[in-house]
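Asker: based on what follows, work out the 3D shape:
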Amino acid sequence: MNLNTKTQIKNNHNKAENFFLDIKSGLQNTPKKLSSKYFYDEIGDELFQKIMAMPEYYLTQCELDIFKNKTAEIADLITSDSSPFDLIELGAGDAMKSSYFLKYLVDKGTDFTYMPIDISGNILSILQEKLEKNIPELHTVCLEGEYFEMLNKAAALSSRRKVILFLGGNIGNMELEEAYHFCSGLKQNLAAGDQLLIGFDLKKNPHTILNAYNDKTGITAAFNLNLLTRINRELDADFDLKEFQHYQTYDPVSGACRSYLVSLVDQVVTIDQTSISFKENELIDMEVSQKFSEEDIKELAEKSGFEIKGEIRDSKNWFIDSVWTVTK
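Answerer: Model (predicted):
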């Protein structure tokens with residue numbers, strides 16, 4: 001067994017151990033909570049692709065509008081000093097939106113390396129194959145793992161200027177205080193002149209938002225319930241999915257759109273010989289999808305130490321990709 005194989009086995013073991021500890025800890029909390037980062041196994045990846053294709057899920061189309069039709073504006077904001085850079089995408093997925101930007105940069109002869117980061121090795125493999133086929137000239141280095149760990153790895157691989165992409169409104173998958181700490185952590189991993197392009201889903205008609213996360217076809221519900229299936233498969237648990245129901249809320253004042261799973265009966269679930277009790281109607285907090293006002297975005301940037309260089313809006317004015325610069 002060579003060193004790379006041993007390292008891979010160790011990494012897989014560590015990931016499995018972290019998964020177990022996080023799930024066990026979350027379900028022993030009051031209230032119970034599971035981390036949305038674990039939604040993305042192979043089935044979860046497929047379900048999320050279906051969610052992004054739903055007509056109700058406006059976020060994809062809004063940001064796609066920006067990346068398809070305002071690509072030059074994005075490029076002008078991040079290539080103004082013409083220096084070579086590493087383009088690092090956090091939670092890259094299949095890079096459906098950023099692919100338009102990547103193709104534009106390659107066609108313009110821009111000197112950059114694309115470094116997609118994702119927790120899902122499966123989706124990175126799909127992405128690598130897709131990019132090799134569609135943009136063969138692109139230099140890509142895939143990084144599988146947690147954001148900050150992989151940012152450190154990216155910094156070790158190259159000393160060039162860094163441009164971070166954090167798209168899809170993913171910043172909204174954090175509580176507001178958590179988002180501040182996340183952005184502050186990003187800044188601490190960047191140098192003066194580095195940039196962050198970050199997508200924000202704006203507050204809008206609450207019916208529009210709620211429909212995006214509570215589709216009648218049940219894809220979002222299946223996406224949430226699939227995490228229980230993953231826990232059953234990987235942690236030898238015995239969740240009965242028929243005894244849990246998806247529930248979605250949106251508070252237009254705070255901007256928090258939250259998803260839960262509701263236990264339909266009193267029940268006990270076993271996870272690797274650990275018993276977890278559920279009361280009838282008890283909730284598992286699954287995910288928050290925070291929506292922002294323009295004031296929220298400005299406050300978050302300033303509080304975490306960035307300067308807003310520019311912003312690009314979709315044609316409906318429902319979504320903003322904001323470009324922040326490190327000025328320290």
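Asker: per-domain residue ranges of the chain.
Answerer: By the assignment in the TED database, the chain contains the domains 2-56+207-290, 60-203+293-326.
Asker: would you turn the ones you listed into JSON lines with mean neighbour count?
Answerer: Every residue, glycine included, has its C-beta placed from N, CA and C. Compiled in JSON lines, these are given as follows (neighbours: other Cβ atoms under 10 Å):
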{"stretch": "domain 2-56+207-290", "mean neighbour count": "16"}
{"stretch": "domain 60-203+293-326", "mean neighbour count": "18"}
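Asker: got the ones you listed as a markdown table, with mean pLDDT columns?
Answerer: Output for the domains of the chain, formatted as a markdown table (pLDDT from 0 to 100):
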| stretch | mean pLDDT |
| --- | --- |
| domain 2-56+207-290 | 92 |
| domain 60-203+293-326 | 94 |
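Asker: show me where the chain has strands.
Answerer: 32-33, 85-90, 112-118, 143-144, 161-166, 195-201, 244-251, 256-263, 267-271, 274-278, 283-290, 306-313, 319-326 (DSSP state E).
Asker: how distant is the third one from the center of its chain?
Answerer: By that I understand strand 112-118. With Cα atoms, centre = their mean, to the nearest Å as the basis, strand 112-118 stands 15 Å off its chain's centre.
Asker: can you state the direction angle for it and strand 85-90?
Answerer: 20 degrees (axes from the mean of the first three to the mean of the last three Cα atoms, to 10 degrees).
Asker: output strand 112-118 as CSV, restricted to C-alpha atoms.
Answerer: The C-alpha trace of strand 112-118 is given here as CSV (Å, rounded to 0.1, in the frame of the first residue of the first chain):
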residue,chain,number,x,y,z
PHE,A,112,-5.7,32.2,-13.8
THR,A,113,-6.2,28.7,-12.3
TYR,A,114,-9.6,27.5,-11.3
MET,A,115,-9.7,25.8,-7.9
PRO,A,116,-13.2,24.4,-7.1
ILE,A,117,-13.7,23.4,-3.4
ASP,A,118,-16.5,21.0,-2.4
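Asker: what packs against that strand?
Answerer: Under the contact criterion of 3 or more Cβ pairs under 8 Å, 6 or more residues apart in numbering; DSSP states H and E, strand 112-118 touches strand 85-90, helix 121-134, strand 143-144, helix 147-157.
Asker: what do you get if the cut-off is 10 Å, keeping everything else the same?
Answerer: Using 3 or more Cβ pairs under 10 Å, 6 or more residues apart in numbering; DSSP states H and E, the elements in contact with strand 112-118 are strand 85-90, helix 98-107, helix 121-134, strand 143-144, helix 147-157, strand 161-166.
Asker: who touches the fourth one?
Answerer: The contact list for strand 143-144 (Cβ atoms under 10 Å, 6 or more residues apart in numbering) reads 11, 15, 88-90, 92, 115-125, 149-151, 153-154, 157.
Asker: now do 6 Å
Answerer: With contacts defined as Cβ atoms under 6 Å, 6 or more residues apart in numbering, strand 143-144 is touched by Met115, Ile117, Gly121, Leu124, Met150, Lys153.
Asker: closest one of those residues to Val269?
Answerer: Checking the contacts of strand 143-144 against Val269 with Cβ to Cβ, the nearest one is Gly121 at 27.6 Å.
Asker: report the beta-bridge partners for the closest residue to that closest one other than its chain neighbours.
Answerer: Closest residue to Gly121 apart from its sequence neighbours, by Cβ to Cβ, 6 or more residues apart in numbering: Glu144 at 4.8 Å. Judged by DSSP bridges, the bridge partners of Glu144 are Asp118.
Asker: what about Glu144, distance to Glu132?
Answerer: 17 Å (Cβ to Cβ, to the nearest Å).
Asker: enumerate every residue touching the residue nearest to Tyr213 when sequence neighbours are not counted.
Answerer: Nearest residue to Tyr213, sequence neighbours excluded (Cβ to Cβ, 6+ apart): Gln248, at 5.0 Å. The contact partners of Gln248, by Cβ under 6 Å, 6+ apart, come to Tyr213, Asn214, Ser259.
Asker: now do 10 Å
Answerer: Contacts of Gln248 (Cβ under 10 Å, 6+ apart): 209-215, 220-221, 224, 257-260, 286-287, 289.
Asker: please apply the same query to Leu47.
Answerer: For Leu47, the contact set (Cβ under 10 Å, 6+ apart) comprises Phe39, Tyr40, Asp41, Ile219, Thr220, Ala221, Ala222, Phe223, Asn224, Leu225, Asn226.
Asker: please apply the same query to Met174.
Answerer: Residues in contact with Met174 (Cβ under 10 Å, 6+ apart) are Ser36, Tyr180, His181, Phe182, Cys183, Val288, Ser289, Gln290.
Asker: look up how far Leu261 lies from the closest residue to the fourth one other than its chain neighbours.
Answerer: If I follow you right, that is Phe182. Closest residue to Phe182 apart from its sequence neighbours, by Cβ to Cβ, 6+ apart: Met174 at 5.9 Å. Look at Met174 and Leu261: by Cβ to Cβ, they are 20 Å apart.
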